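**Student:** Below is the sequence, then the predicted model.
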Amino acid sequence: MVVVMSPDATDEDIAQVVERVESVGGEAFVSKGLERAIVGLIGDIESFHHLNLRALRGVAAVHRISDPYKLVSRQHHPQRSTVWVGPQGHQVPIGPDTFTFIAGPCAVESPEQTVDAARMAASAGATLLRGGAYKPRTSPYAFQGLGIEGLRILASVRETTGLPVVTEVVDARDVETVAEHADMLQIGTRNMANFGLLQEVGRAGKPVLLKRGMSSTVEEWLMAAEYIAQRGNLDIVLCERGIRTFEPSTRNTLDISAVPVVQALSHLPIIIDPSHAAGRKDLVVPLTRAAVAVGADGVIVDVHPSPESALCDGPQALLGGDLRDLAQVVRQLPPVVGRTDAARLVRRS
């Protein structure tokens, strides 16, 4: 069961709902989004019905949700959500009315490399900077990222370019530190089912980019999002980055059908990562066209000033003419499907 609070509900109103639920042995989890709070209930449904929660001050609606992912389901939130990323005065939207372009290096290697990649991204029209300070790799001998130094570099580049930062967190113990430096926390494919980490980022107070596990179903993916939402954070963006199949011609198989499937089930925004799906730069532009056409809310791509010397995923990073081609796609195609460039709707104050 889910209790939807009205936009003007106070903390006292929410506390009253929680107290009433706990009085009959139930549990209440408060999740706050940009516009309103939602209280998810766990316990005996019949006991909750007798509480007359709809009559409490600040309660807008009470829904019995059959989906296992109650807070991220469209059953109680029919309208799709917009997530705003960035500090006050420069918030970038990701949602159903816009198309958001996120770009940057897969891994932060140095201040010079990162600022060069960020400027390339900005010149191509990107409004958010991606970059990995922590890199979970298949091989323990591969480059694992610069850690805290990489976070400092990203924060410095944000000051230089004005681009809000999206970066991955791989350990629950690092969530607070990463949240201090980043504007959006990314959960990578290898950690989609790391439930302790999901709960910690849910408490962190920053928007979350949740990538689909490489062998996960859509329901498992949405249940992972539910872990984040249940700990108080509804500002979640889903990212389809390809799933593992029998086909070896690409790094992963981009499940483009996941976009409309997810949009029918959940109110959360969903974007595409064509770089990690394909693992090849020549497929990034065609897959971005497909993302726009199918209704994705944005893309996240790799760019690098010297792909041939990149410490991580150089073959998929864009440069020069490839990046110009992508910029043209991102500029010209979204309006055809009724989308506005996110850069035009950045909140400045």
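**Tutor:** Ah, there it is. Quick caveat, the model's predicted, so the values are computed rather than measured.
**Student:** Quick one: low-confidence residue ranges for the stretch 1-150 of the chain.
**Tutor:** Counting by pLDDT under 70, the ranges of the stretch 1-150 of the chain that qualify are 34-35.
**Student:** Recalculate using a threshold of 90.
**Tutor:** By pLDDT under 90, the weakly predicted segments of the stretch 1-150 of the chain are 1-2, 4-5, 7, 26-52, 61-71, 75-78, 88-89, 135-145.
**Student:** residue ranges for the helices of it, please.
**Tutor:** Remark: helices assigned in the stretch 1-150 of the chain by DSSP state H, counting those that start in this stretch are 11-22, 45-49, 111-123, 148-161.
**Student:** what does the helix or strand following the last one rub up against?
**Tutor:** Tracing the chain C-terminally past helix 148-161 and defining elements by DSSP states H and E, one meets strand 165-168 next. With CB atoms under 8 Å, 6 or more residues apart in numbering as the test, strand 165-168 has contacts from 85, 102, 104, 128-136, 150-151, 154-155, 157-158, 178, 181-188, 209, 300. Every residue, glycine included, has its C-beta placed from N, CA and C.
**Student:** rerun at 6 Å
**Tutor:** For strand 165-168, contacts defined as CB atoms under 6 Å, 6 or more residues apart in numbering pick out 128-134, 154, 158, 182-184, 186, 188, 209.
**Student:** which of these sit farthest apart?
**Tutor:** Distances among those were taken as CB to CB; the most separated pair is 158 and 188, at 20.6 Å.
**Student:** Run through who's touching stretch 179-199.
**Tutor:** Residues outside stretch 179-199 that contact it (CB under 6 Å, 6+ apart): 85-86, 136, 151, 155, 164-169, 172, 201, 204, 206-211, 213-214, 216, 224, 227-228, 231.
**Student:** Filter those residues down to the buried ones and express that as a PyMOL selection.
**Tutor:** Listed next is the PyMOL selection for buried residues among the contacts of stretch 179-199, using 16 or more other CB atoms under 10 Å:
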select buried, resi 85+86+151+155+164+165+166+167+168+169+172+201+204+206+207+208+209+210+211+213+214+216+224+227+228+231
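**Student:** In its sheet, which strands sit next to the helix or strand harbouring residue 210, and in what direction?
**Tutor:** Per DSSP H and E: residue 210 is located in strand 208-211. Here strand 208-211 is paired, per DSSP bridges, with strand 184-187 (parallel), strand 236-240 (parallel).
**Student:** CA-only coordinates of the first one in CSV, if you can.
**Tutor:** Extracted as CSV, the C-alpha positions of strand 184-187 are listed here (Å, rounded to 0.1, in the frame of the first residue of the first chain):
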residue,chain,number,x,y,z
MET,A,184,24.3,12.4,-9.4
LEU,A,185,25.4,8.9,-8.1
GLN,A,186,25.7,6.1,-10.6
ILE,A,187,25.1,2.5,-9.8
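**Student:** ok, and for that strand, which residues are buried?
**Tutor:** Using 16+ other CB under 10 Å as the burial criterion, the residues of strand 184-187 that qualify are 184-187.
**Student:** any idea which of those is the one closest to residue 266?
**Tutor:** Using CB to CB, residue 187 comes nearest to residue 266 of those, at 15.9 Å.
**Student:** just to revisit the earlier point, relative to residue 332, which of the contacts of strand 165-168 is nearest.
**Tutor:** residue 128 (20.0 Å).
**Student:** Give me the spatial nearest neighbour of the closest one, chain neighbours excluded.
**Tutor:** Among residues not flanking residue 128 along the chain, residue 102 sits closest, at 4.3 Å (CB to CB, 6 or more residues apart in numbering).
**Student:** Check the burial of that neighbour by counting its neighbours.
**Tutor:** When neighbours are defined as other CB atoms under 10 Å, residue 102 has 27 of them.
**Student:** ditto for residue 238
**Tutor:** Neighbour count for residue 238, taken as other CB under 10 Å: 25.
**Student:** let's number from 727 now, not from 1
**Tutor:** Got it, the first residue is 727 from now on, which makes the last one we talked about residue 964.
**Student:** State the distance from it to residue 900.
**Tutor:** 22 Å (CB to CB, to the nearest Å).
**Student:** How about residue 884?
**Tutor:** 19 Å.
**Student:** Ok, residue 944 next?
**Tutor:** 28 Å.
**Student:** just residue 870 next, same as before
**Tutor:** 13 Å.
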